[in-house]
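Peer 1: following is a predicted model, sequence given first.
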Amino acid sequence: MKHTAQTALGAIAAFCAVGISVPASAAWEPVRPVEFIIPAGTGGGADQMARTIQGIVTKHNLMKQPMVVINKSGGAGGEGFLDLKGSSGNPHKIIITLSNLFTTPLATGIPFNWKDLTPVAMLALDEFVLWVNADKPYKTVKDYVDAVKAAPAGSIKMGGTGSKQEDQIITVAVEKATGSKFTYIPYKGGGEVAVQLVGNHVDSTVNNPIEAVAQWRGGKLRPLCVFDAQPMAYDEQIADGKSWKDIPTCKSQGLDMEYLMLRGIFMSPKATKDQVEYYIELFKKVRATPEWQDFMKSGAFNTTFMTGADYAKWVEVEEKRHEVLMKDAGFLAPPGN
Amino acid sequence: MEELVNLFHGFAVALQPFNIMVMIVGIVLGVVIGVLPGLGGANGVAILLPLTFSMPPTSAIIMLSCIYWGALFGGAITSILFNIPGEPWSVATTFDGYPMAQQGKAGEALTAAFTSSFVGALFAVIMITLVAPLVASFALQFGPAEKFAVYFLAFCSFVGLSKEPPFKTIAAMMIGFALAAVGLDSITGQLRLTFGFTELLNGFDFLIAVIGLFGIGEILLTMEEGLSFRGGNAKINLRVVLQTWKELPAYWVTSMRSCVIGCWMGITPAGATPASFMSYGIAKRVSKHGANFGKGEIEGVVAPETAAHAAGTAALLPMLSLGVPGSPTAAVLLGGLLIWGLQPGPMLFVEQKEFVWGLIASMYLGNIVGLLVVLTCVPVFAAILRVPFSIIAPLILVLCAIGAYSVHSSTFDVMLMLVFGVIGYLLKKCNYPLAPLVLAIVLGDKAEEAFRQSLLGSQGSLGIFFSNTLVSTIMILGLIALFWSVIQQGYTRLRGAVA
Amino acid sequence: MTTGSSSKPGPTHKLVEAGITLLIALFGVIVIIGSVKAGINWGAEGPRAGFFPFYIGIFIVVSSAINLWNGLREDNDELFAEWGQLRQVMSVVVPTAIYVGAMPFTGLYVASIIFIGWFMRWLGKYRWVTVLAVALGMPIVTYFIFERWFLVPLPKGPVEEWLGL
């Protein structure tokens, strides 16, 4: 901290430095600035993660060329995916994905599939938690499910981010598990959803931890369960003497649904093995930094890391699952649109 | 009282030499970002965010928020000089600011704009200092129905103003709504009006429309009238600042009204752009000089600028205390807070006192620094108008192209900008008002979204827009604003009958 | 101004305005078609995607019809603009269109240099020295501000590729 001014100036200098790349070995390295595409708007979860990565890469000098972050959020991220699909053979373009990798093509019918891109690595998985307003009487999943069942169909309002995307898929799954009907209200961003719940404009949400943690700590919201196979790993106290680890899984509470959102990296089509390797190494270095670990902790992320065939297989299984979930929910794009 | 003690601590933090340096750098960068069309506050802050990672969080947020103030100040410059709004919230500033510049009063217009911005921001910061918790709980009452009511009010207080034929106004407005509807429908997650063109996935961005309609359109009109920018005789010395300052206190009522409108719109959070339009609309209706609005009335610069800056500042409050951003830029700042390990929300004011009050203190100081920086530059800006048209015009066109490109990194948008430019020229020649069109693009999809969210919640019943005191009051205010001229006529007639 | 119909120095206002009104109406029709595709009825969960745009389209068509009627009824012989003025306008529109159209292929910088140079030389009649200074200076400054400071990549073409920028 004592050399703040110098470090800041150093960072600025590093930022402005014209990277002249002299490959040390035969391995591939970027020779131009790398464009890091975010298929979502500024300020969202993917955006935060991408800009954290950009900051880490810059601060620790992990890349000789600058990393440039670009938001391409049009058409629920379709714009970003199509841009990458069209940059075949350009190794200076990578993209961070969320569930819209699957949901956007299915719901809008745009001509894109994840197989058009080259998978690089899974960085983390984002958890989903069922939240209610702290003033509400439901303390457990059972209280909540009983209340949902007792209420007339459609009178319980579930808030979420986006339409026909992860939040609504989970909502439909909860509907199925409880045999009830919610009214799903889509909002633009996760933070807004959490605040709508605090203001009692909706009855429950399935926010990611990072979106709602502030309101939990402020005593405004209460987590009921997490949509994962096992409880989250973080045992630091957050609010009312509880930690993320103390939140039970939904399955253990009789709400049979698991859902994790991919935070992974893909690159443009036709990338060579060397190029993919380069980015895998880069992200391994990113994951080893303390800043990344702090970021994981603040968002209670599931830190599973995968590359290569494992990753591709995981994505393939998830794609099948999304197809089934979305078909059941009636979210597929009408043909010929 | 405790707040004041905290604030003094905050000043101590903000006045550290490193933080003051950071503040000045931030303001200058912000002004540059605000001046360059397309590279708006949100983009600018997002781009520079990683640069601040190696600073302590307080310095970092001071720098980023100063970029934000700088962008708010900077947006007015190109609006006044070239009729090109650098930021969406400066569109309303062009209505009177550009005519003033054409009359050789660019210096006056810039001074009025900067000073009003400062007054608006100061008012909002004082409000944040004193009543932050109270205001935060007010913001919580805003569900979709209330938000729709606010958009409705913003719209109603602006329309019905133009001198153009009513059906042309309606046509222009509807074109704006239609353009806003293109792309992904956020409620059903379905694409609409894209006809299979992937370029249209993004819809028509407001900035591209505005750069084209106003900026390029204006250049074409200037070409038609011969190769010169009017307004080259603008005074270019600092005395113009003092002269304008003598005039400004006369508009204190407009100022105060705009401050209140701005703060309210910033908190709810509807944002700075609707605030500026609404403030302009109301000022035009109630001002003595209302008839002169649009012809270069200084009050027409004061009203939107004050409101925009008040809203921009007030928008940071819900971000800090609730974690919900009041504007796109606030959304990026929010991301920054999370990256530095600061959790915005109800506990931030309790747990991170040094940070919060350091930030609030920097809002005071940052705005003072900003005002000084931009005011000293007024003569420089005004002198730009003396550059011959055939040099400045291609430069403006290139800058517009860069701006249009950088909004979504798409060359298609640049072509779109030119198309909008030609449309703007033709529509203006044919007496179609452009302001309602632009307002409809800004508010159209937001209003539709809030409307449909409300209906989802009420299961299709329109009663939700009159279901509680808050929402009914705003809706009724909106209706009054819509039928203002009718009401006014009725009132005069009534008085005539009595007398 | 002039009474003779053959030797008018420019198109009449009436004619241009009628044309524009028709174009607006056409736009309205496109909006209506698109909305119908997206679904215009009022579903169980409120209005569907095309509901609002559909009525907006109708409004556009109806108001255009009224505007057309009003415009044609008016007894107005005014000129829209003189041919000379329109030529001036086109002398900006056409090169700008070429500039914008070339950008995806040549990149922004090369196109800008040529565009600024052409504008200053042809319309401004400046000396080559001035022309070159501005035409080269502006893109270079732009390069440093956008690409280096703000890390905003602008479109690039073969020349930039060759220079390794």
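Peer 2: Thanks, I have the structure now.

Peer 1: alpha carbons only for contacts and neighbour counts from here, please
Peer 2: Noted.

Peer 1: mind listing the strands for chain A?
Peer 2: Listed in chain order, the strands of chain A (DSSP state E) span residues A:34-38, A:67-71, A:93-97, A:118-126, A:129-133, A:156-161, A:182-187, A:204-205, A:221-226, A:237-239, A:242-243, A:261-267, A:306-307.

Peer 1: A helix includes B:Thr244, no?
Peer 2: Yes. Assigned with DSSP: H, G, I helix; E, B strand; the rest coil, B:Thr244 falls within a helix.

Peer 1: ok, it - contacts?
Peer 2: Taking CA atoms under 8 Å, 6 or more residues apart in numbering or on different chains, we find B:Thr244 in contact with B:Glu108, B:Thr111, B:Ala112.

Peer 1: so what's A:Ala121 bridging to?
Peer 2: Here A:Ala121 shows beta-bridge partners A:Ile265, A:Thr307, assigned using DSSP bridges.

Peer 1: what's the answer for the one 5 residues further on, then?
Peer 2: On the basis of DSSP bridges, A:Asp126 is bridged to A:Met261.

Peer 1: how near is it to B:Thr313?
Peer 2: According to CA to CA, to the nearest Å, A:Asp126 stands 32 Å off from B:Thr313.

Peer 1: neighbour count winner among the two?
Peer 2: B:Thr313 (31 against 24; other CA atoms under 10 Å in any protein chain shown).

Peer 1: tell me the confidence at the more buried one?
Peer 2: Looking at B:Thr313, its pLDDT stands at 89.

Peer 1: so, low pLDDT: which residues of the chain?
Peer 2: No chain was given, so I picked chain A. Within chain A, the ranges that satisfy pLDDT under 70 run A:1-26, A:43, A:335-337.

Peer 1: wrong chain, I was asking about chain C
Peer 2: Low-confidence segments of chain C (pLDDT under 70): C:1-8, C:44-46.

Peer 1: got the domain ranges for chain C?
Peer 2: Chain C breaks down into these domains under automatic domain parsing: C:13-73, C:84-163.

Peer 1: out of these, which is closest to chain A?
Peer 2: Smallest distance to chain A across these (CA to the nearest CA): 5.7 Å, for domain C:84-163.

Peer 1: how about the closest one and chain B, touching?
Peer 2: Yes. On the criterion CA under 8 Å from any CA of the partner chain, domain C:84-163 is in touch with chain B at C:85-86, C:88-89, C:92-93, C:96-97, C:100-101, C:103-104, C:112, C:115-116, C:119-120, C:123-124, C:138, C:150-152, C:154-155.

Peer 1: so after the helix or strand hosting B:Ser65, what's the next helix or strand?
Peer 2: Per DSSP states H and E, B:Ser65 falls inside helix B:57-82. Once helix B:57-82 ends, the next helix or strand along the chain (criterion: DSSP H and E) is helix B:91-102.

Peer 1: and that next one, how far out from the chain middle?
Peer 2: Centroid separation for helix B:91-102 versus its chain: 14 Å, with CA atoms, centre = their mean, to the nearest Å.

Peer 1: and that helix, what does it pack onto?
Peer 2: Taking 3 or more CA pairs under 8 Å, 6 or more residues apart in numbering or on different chains; DSSP states H and E as contact, the helices and strands that helix B:91-102 lies on are helix B:57-82, helix B:106-140, helix B:272-286, helix B:299-314.

Peer 1: doesn't B:Pro436 make contact with B:Phe177?
Peer 2: No. Using CA atoms under 8 Å, B:Phe177 is not in contact with B:Pro436, being 9.6 Å away.
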